[in-house]
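Next come a sequence and a model predicted from it.
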Amino acid sequence: MGLFDAPKPVGVEIKGQVLYCVICRHNRFWRRHIRLDPAELFQSDWFDPTAVAYTCDNCGYVHWFMPQ
């Protein structure tokens, strides 16, 4: 579906809390799953090389979250 997973910006909740952009306080984001290269970050078997990134629809700031 192109660059982003969601067809339009969405509201996001993280552990029951609404996510607001730390830069502009907007509450709509584009969601994207990112595969990280563990060789560049950590040299450990426990490291999960995926993350979820929410990009603010207003200012473009990227909020990164590791899977739980």
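Looks like it came in fine. Numbering: from 1, shown residues only.

Tell me where the protein has strands.
Here the chain has its strands, by DSSP state E, at 13-14, 17-18, 29-35, 50-56, 62-65.

Show me the contact partners of the third one.
Residues outside strand 29-35 that contact it (Cβ atoms under 8 Å, 6 or more residues apart in numbering) are 3-6, 9-12, 19, 21, 49-57, 63-64. No exception for glycine: its C-beta is placed from N, CA and C like everyone else's.

Off-centre distance for it?
5 Å (Cα atoms, centre = their mean, to the nearest Å).

okay, the angle between that strand and strand 50-56?
160 degrees (axes from the mean of the first three to the mean of the last three Cα atoms, to 10 degrees).

Skipping adjacent residues, who's closest to Cys56 in space?
Nearest residue to Cys56, sequence neighbours excluded (Cβ to Cβ, 6 or more residues apart in numbering): Cys21, at 4.1 Å.

which residues does the most centrally placed residue in the chain bridge with?
Geometric centre of the chain, nearest residue: Ala53, 1.5 Å, by Cα atoms, centre = their mean. Judged by DSSP bridges, the bridge partners of Ala53 are Arg32, Trp64.

need the contact list for it.
By Cβ under 8 Å, 6+ apart, the contact set of Ala53 is 31-34, 62-65.

can you pick the most crowded of those?
In terms of neighbour count, His63 stands highest of those at 17 neighbours, by other Cβ atoms under 10 Å.

Quick check: that residue vs Phe29, distance?
Going from His63 to Phe29 by Cβ to Cβ, to the nearest Å gives 7 Å.

looking at this structure, which helix or strand does the model trust least?
Across the helices and strands of the chain, mean pLDDT, DSSP states H and E gives its lowest value to helix 38-41, namely a mean of 56.
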